[in-house]
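> When you get a sec, could you give me coordinates for this:
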Amino acid sequence: MSYWATPPMDRNQVLLFSPTLDATIGQDHPVRLFDEVLSNIDWSLWETRYDGKRGQPLNYTRSGSESRRGSPVRFRIYSCVDCEDCPLSSVCRRSEGPRTVRRDQHEALRESVSSRMRSESGQEEYDKRKWICETPFGLLKGIWRLRQFLHRGPEKVKTEWSWTCTAYNLAKLVREVARLRVQFAAATV
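Numbers count the residues shown, from 1 in each chain. Predicted coordinates:
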């Protein structure tokens with residue numbers, strides 16, 4: 001069998017980035033720890049009581065489940081027992097009844113990520129995103145002026161996008177070959 005009979009990847013695939021995750025994201029990057037973080041979260045505090053940011057602690061009332069994007073998501077509803085005597089009652093309640101809060105199973109993770117993103121080190125990590133994944137689209141829109149497709153219809157747009165990605169990848173390849181030539185020439189001198 002020849003090389004062309006069994007391609008290493010789908011020939012119709014559009015490559016804008018490197019084909020492997022290992023080539024793009026380091027082994028110590030936080031995104032690789034996502035499953036480990038989820039499995040280590042202690043859900044017992046989440047299941048019994050919720051200490052909100054304001055007012056009195058809320059007690060568990062009921063739970064339920066719903067489907068979001070095809071995946072089941074558990075949620076719990078907490079409510080305050082005595083809102084009438086609370087000094088913050090007018091601030092935290094939206095209606096005449098007791099204050100209620102609905103929290104799903106991912107809320108603790110969202111709060112953790114939010115607090116991490118507010119930190120200085122989190123902002124530094126987030127700033128790396130700009131040059132990793134936004135550079136190709138910035139070049140395509142800003143320098144190559146590809147702000148809209150010239151054709152209509154999904155097939156024609158897909159073809160135009162494939163040509164654009166091919167041109168981008170070829171330009172990247174030419175830059176890399178030029179860099180390697182300079183490096184090789186400097187090493188032989």
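> So in this protein, which strand runs the longest?
strand 58-68 (DSSP state E).
> Report the buried residues of that strand.
By neighbour count on 16 or more other CB atoms under 10 Å, the buried set for strand 58-68 is Leu58. Bear in mind the C-beta positions are built from the backbone N, C-alpha and C, glycine included.
> Whatever helix or strand comes next after it vs strand 58-68, what angle?
From strand 58-68 onward toward the C-terminus, using DSSP states H and E, the following helix or strand is strand 71-79. Interaxial angle, strand 71-79 versus strand 58-68 (axes from the mean of the first three to the mean of the last three CA atoms, to 10 degrees): 160 degrees.
> Dump the C-alpha coordinates for strand 71-79 into CSV.
Listed next in CSV are the C-alpha coordinates belonging to strand 71-79 (Å, rounded to 0.1, in the frame of the first residue of the first chain):
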residue,chain,number,x,y,z
SER,A,71,-26.4,16.0,29.2
PRO,A,72,-28.3,15.6,32.5
VAL,A,73,-27.6,18.3,35.1
ARG,A,74,-28.5,18.0,38.7
PHE,A,75,-29.7,21.1,40.6
ARG,A,76,-30.8,21.9,44.1
ILE,A,77,-33.0,24.7,45.4
TYR,A,78,-32.3,26.4,48.7
SER,A,79,-34.6,28.8,50.6
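> Okay, and Glu111 sits in which element?
helix 107-118.
> which secondary structure elements does that helix contact?
Under the contact criterion of 3 or more CB pairs under 8 Å, 6 or more residues apart in numbering; DSSP states H and E, helix 107-118 touches helix 34-40, helix 120-133.
> average pLDDT for the longest one?
Throughout helix 120-133, pLDDT has a mean value of 81.
> Grab the CA positions of that helix and hand them over as PDB.
C-alpha atoms of helix 120-133 as PDB (Å, rounded to 0.1, in the frame of the first residue of the first chain):
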ATOM      1  CA  GLU A 120      -3.400  38.200  38.600                       C
ATOM      2  CA  SER A 121      -2.000  34.800  37.600                       C
ATOM      3  CA  GLY A 122      -5.300  33.900  36.100                       C
ATOM      4  CA  GLN A 123      -5.300  37.000  33.900                       C
ATOM      5  CA  GLU A 124      -1.800  36.100  32.700                       C
ATOM      6  CA  GLU A 125      -3.000  32.700  31.700                       C
ATOM      7  CA  TYR A 126      -6.000  34.100  29.900                       C
ATOM      8  CA  ASP A 127      -3.800  36.600  28.100                       C
ATOM      9  CA  LYS A 128      -1.900  33.700  26.500                       C
ATOM     10  CA  ARG A 129      -5.200  32.800  24.700                       C
ATOM     11  CA  LYS A 130      -4.900  35.900  22.600                       C
ATOM     12  CA  TRP A 131      -1.800  34.700  20.700                       C
ATOM     13  CA  ILE A 132      -2.600  31.000  20.700                       C
ATOM     14  CA  CYS A 133      -6.000  31.000  19.200                       C
END
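> All good on my end, thank you.
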